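Undergrad: This is a predicted model, with the sequence first.
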Amino acid sequence: MIRVQRGAVTAYFATFLALVVLLSFGQAAAQQVSGRPGAPDATTTIDGRYLPPPNQPFTGSIGLNAVQSTPAWPARVVPPKGAPNILLIMTDDVGFAAPSTFGGVIPTPALDRIAQSGLRYTNFHSTSLCSPTRAALITGRNHHSVGFGVISEAATGFPGYNSTIGPENATIGRILLENGYRTSWFGKDHNTPTWTASQAGPFNQWPTGMGFEYFYGFVGGDASQWEPNLFRNTTPIYPFVGQEGRWNLTTAMADEAIHWMNQLNDINPALPFFVYYVPGGTHSPHHPTPEWVQKISDMHLFDKGWNALRDQIFANQKRLGVIPQESKLTPWPDKLLRHWDTLNDEERKLFIRQANIYAAYLAYTDHEIGRVIQAVETMGKLDNTLIIYISGDNGSSAEGSPNGTPSEVLQFNGIELPVADQMKFYDAWGTQYAYNHMAVAWTWAFDTPFKWTKQVPSFFGGTRQGMAISWPGHITDKGGIRTQFHHVIDIVPTLLEATGIPAPVMVDGVAQKPIEGVSMAYTFDKANTDKPSTRKLQYFEMMGLQGLYNDGWMLSAVPVRPPWELLGATIQDPASAYKFELYDVRNDWTQTTDVAAQHPARMQEMRDLMFAEFAKYQVLPLDASVATRMVTPRPSINGGRKVFTFSGRPVTGLPRGTGPDLLNTSYKITADIDVPQGGGDGMIVTDGGRFGGYGLYLLKGKPVFVWNLLDLKRVRWEAEQVLSPGKHRLEYEFRYDGLGFATLAFNNISGIGRPGTGTFKVDGKVVGTITLPHTVPLTLPWDETFDIGADTGTPIDDKDYRVPFAFNGTIDKLVFEIEPPVVTEADRAKLQEAYRKAQDAN
């Protein structure tokens, strides 16, 4: 007979587990416990330094049977008492001077509301580029420290540039989740490596794998707001199908966020939430609704042009007090951009249209953000919600070329359209039929009073972001302005201080890198309005361009390549290639007066300090390449395959880079299909869409192959005869006449975008042979998809069909055979010699 003293075994293990917990935590923080220990409704805080926390010791007792035992439940983990709900908002590509809150002419009442009920920050900085800023924001660490020295689409195989946020860098989402928050992410996810962005995963680098329990948004650098590559968690969804011109992601994601918060509140109003809200606005394409275009156009904000706009904004900024009264307006870049008074009437008409669409997009985005903020108030939670609204993840974007562009994809392929050629897109600007961006001169104006733009980390036009923070009951200096220098990495430590949650030292058994930011919470106190910043030092680097802030001084490398020249010559030695300027930004807010000549010792000291920071935070090796980076080999789910065989079952919604890459190479596509009785119709295979790509499909029974050359021209191979019911083979073969991407390694673009000849066969018979004088050189649209058996993005040709255009027959087999160009030793020698001569000439 077994005899067990009641509770003895339980007491032993409880004591053992308690010792484990104490040894693990060292000096454990005081826990806040509510309710009777072991009761189902008991709650507790956790120490927070080791996540997830060890299992709580069992506090009941265990006998031989249930009636002799006492049950006990682990207490539900909650944040420390007084920890607020958190709404963290960041818009995209918004320059310091665009919103009305910081002197702009574009109405942003939601940002105004947060600034008026809280604080306005006028000396806050980004990294100067999208996903690097976002990685820094959610980790509290410098962008290179977490592998995001550049966007994922340009990742390289170095620790600071591999676009992988490792397990040693737990995000604020993961930290808050483990401490009892419900976490969510709405909008843009530009922190998932491109090679993990398909439905095959892995998903540990998706929002849901980084501590955000719910995700609704798009993956990548940008997306159409009318027809986005949209996901709910990790599943692609298509709510816009059949809603052409009526559905817009900017509104839909606000609806989704409001629903998520209301649902959580209905389940239990006591559950704290963290909402990371990052809309696509105002990254290209600029896609507002027609109502907002009309509202802004009727205001005639831009009729006097970009030079007059700068003067107007500069005066507004001094009136609002968001720049010092003694600030100087930086000179207009005469050698780079034209003055408004030199333009003809057609140019002015187009450029005003571009600005109106951009402004409508920003106003629309801010309006929908305002709906989310209002939902928090309607739930009665505004007083206990910390709202941080960052206006832009970098300076205003100059990726639209000096004339703007009806399609950003053109610019990414080095193609700039003259104004006359753009006018045919005038009415389409802002609709689903354009992927539009504005002229650089507007961009420069929206960064007033600073110089330069997005991509430039050494000047404040690329990094200065307006920000407003509101937390009723804690921030009492309503409408106050804070001028302390701070950086995006300072948001995480601010949130941790506000919630009373420590930064973890270990997560999932992995030691954590220290948080590299500093808290800004001291600025919430009015008594600290003029207190010196707690951030004394901050390096800047983006695509080889360098800078350093050091206690009121700014060391700035001067760009040699304007950000809009993506195919310019590559700087081979960025460590020594730049001229550096020095600014005393304590007295020169806008970096107007270079004082390098007066302070040679400080210049050398700051350069030495800058490179020490580079070594510390994984910035090295410096790399100033752009186009070469975009096509550099990187991990791929394709694994370097040259033959792709698909079973023919429908496969849709695969992101760019998942399917075969047909740019700058020879290839053959073979499709074995079975046409049903009554005739065949629908998509067999496609990659891309309205703004570039290819498609093989049956149209009213006739086989068709179309190459959409970036919406400038569509080349069409089409059979004259309708296919009879039964088995058929379709073949498209393309012979490329060039050396391909390999020439980019020699800073030479001669191998890309070259001619080639395409031959289309049906059942072995040639139905068409066409030579293309030019092909797509660098990239297809980022937000489009590779699809078999249907089309889930936008149509290759809107005149032929509407998505999803599902194939009504059977695809028995689909094969892609890739034949990359062969670069001979003689070719390499010629390229090397051309490269040497170009270097000597420079």
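TA: The structure has been received and is ready for your questions. Numbers count the residues shown, from 1 in each chain.
Undergrad: make it CA atoms for all contacts and neighbour counts henceforth
TA: Fine.
Undergrad: Which residues are in contact with the nearest residue to Ser327 once chain neighbours are set aside?
TA: Nearest residue to Ser327, sequence neighbours excluded (Cα to Cα, 6 or more residues apart in numbering): Trp589, at 6.0 Å. When contacts are counted by Cα atoms under 8 Å, 6 or more residues apart in numbering, Trp589 touches 323-324, 327-328.
Undergrad: in stretch 446-466, what counts as buried?
TA: For stretch 446-466, a neighbour-count test (16 or more other Cα atoms under 10 Å) marks 446-466 as buried.
Undergrad: now stretch 617-627
TA: Applying 16+ other Cα under 10 Å to stretch 617-627 flags 617-620, 622-627 as buried.
Undergrad: Rounded mean pLDDT for that stretch, please.
TA: Across stretch 617-627, the average pLDDT comes to 92.
Undergrad: Go ahead and confirm Phe646 touches Glu817.
TA: No - Phe646 lies out of contact with Glu817 (Cα atoms under 8 Å); the separation is 11.7 Å.
Undergrad: Can I get stretch 348-360 in PDB, CA atoms only?
TA: Extracted C-alpha coordinates of stretch 348-360, given in PDB (Å, rounded to 0.1, in the frame of the first residue of the first chain):
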ATOM      1  CA  ARG A 348       3.200  73.300 -64.300                       C
ATOM      2  CA  LYS A 349      -0.100  71.600 -65.000                       C
ATOM      3  CA  LEU A 350       1.400  68.100 -64.500                       C
ATOM      4  CA  PHE A 351       3.400  69.100 -61.400                       C
ATOM      5  CA  ILE A 352       0.500  70.700 -59.700                       C
ATOM      6  CA  ARG A 353      -1.500  67.500 -60.300                       C
ATOM      7  CA  GLN A 354       1.300  65.500 -58.800                       C
ATOM      8  CA  ALA A 355       1.400  67.600 -55.700                       C
ATOM      9  CA  ASN A 356      -2.400  67.600 -55.300                       C
ATOM     10  CA  ILE A 357      -2.500  63.800 -55.400                       C
ATOM     11  CA  TYR A 358       0.300  63.500 -52.900                       C
ATOM     12  CA  ALA A 359      -1.300  66.000 -50.500                       C
ATOM     13  CA  ALA A 360      -4.600  64.200 -50.900                       C
END
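Undergrad: Below-threshold pLDDT in this structure: ranges please.
TA: For the chain, residues meeting the criterion pLDDT under 70 lie at 1-29, 568-569, 841-842.
Undergrad: For the longest helix anywhere in it, enumerate the helices and strands it packs against.
TA: If you go by DSSP state H, the chain has its longest helix at helix 345-378. Using 3 or more Cα pairs under 8 Å, 6 or more residues apart in numbering; DSSP states H and E, the elements in contact with helix 345-378 are helix 109-117, helix 249-267, helix 290-297, helix 419-422.
Undergrad: picking up where we left off before, of the buried residues of stretch 617-627, closest to Ala575?
TA: Leu622 (6.7 Å; Cα to Cα).
Undergrad: residue contacts, the closest residue to the closest one other than its chain neighbours?
TA: Closest residue to Leu622 apart from its sequence neighbours, by Cα to Cα, 6+ apart: Gly544 at 5.2 Å. By Cα under 8 Å, 6+ apart, the contact set of Gly544 is 574-575, 622-625.
Undergrad: rerun that using 6 Å as the cut-off
TA: 574, 622-624 (Cα atoms under 6 Å, 6 or more residues apart in numbering).
Undergrad: any chance of those residues in JSON lines, plus distance to Ile489 and secondary structure?
TA: Formatted as JSON lines, these follow (distance: Cα to Cα, whole Å; DSSP: H, G, I helix; E, B strand; the rest coil):
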{"residue": "Pro574", "distance to Ile489": "25", "secondary structure": "coil"}
{"residue": "Leu622", "distance to Ile489": "21", "secondary structure": "coil"}
{"residue": "Asp623", "distance to Ile489": "23", "secondary structure": "coil"}
{"residue": "Ala624", "distance to Ile489": "24", "secondary structure": "coil"}
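Undergrad: Keep only those of the buried residues of stretch 446-466 that are in helices.
TA: 460-463.
Undergrad: Quick check: buried residues in stretch 43-55?
TA: 43-53.
Undergrad: if we take the residues you listed, which one ends up nearest to Asp681?
TA: Pro52 (53.4 Å).
Undergrad: Can you give me the separation between the closest one and Val643?
TA: Separation of Pro52 from Val643 (Cα to Cα, to the nearest Å): 44 Å.
Undergrad: Most neighbours out of the contacts of Trp589, which is it?
TA: Ile323 (22 neighbours; other Cα atoms under 10 Å).
Undergrad: Phi first, then psi, for that residue.
TA: With angles defined as degrees, to the nearest 10, Ile323 sits at phi -130, psi 150.
Undergrad: Would you mind giving the buried residues of stretch 617-627 as TSV with distance to Ala745 added?
TA: Listed next are the buried residues of stretch 617-627 as TSV, based on distance: Cα to Cα, whole Å:
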residue	distance to Ala745
Tyr617	27
Gln618	24
Val619	22
Leu620	20
Leu622	16
Asp623	13
Ala624	13
Ser625	10
Val626	11
Ala627	10
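Undergrad: Identify those among those residues that sit within strands.
TA: Among the buried residues of stretch 617-627, no member is found in strands (DSSP state E).
Undergrad: In helices only, show me those.
TA: Secondary structure defined by DSSP H assigns Ala627 of these to helices.
Undergrad: nearest to Ala441, of the buried residues of stretch 617-627?
TA: Val626 (22.0 Å).
Undergrad: Chain neighbours aside, what residue packs nearest to that closest one?
TA: Nearest non-adjacent residue to Val626, counting by Cα to Cα, 6+ apart: Leu566, 6.1 Å away.
Undergrad: Thank you kindly, that will do.
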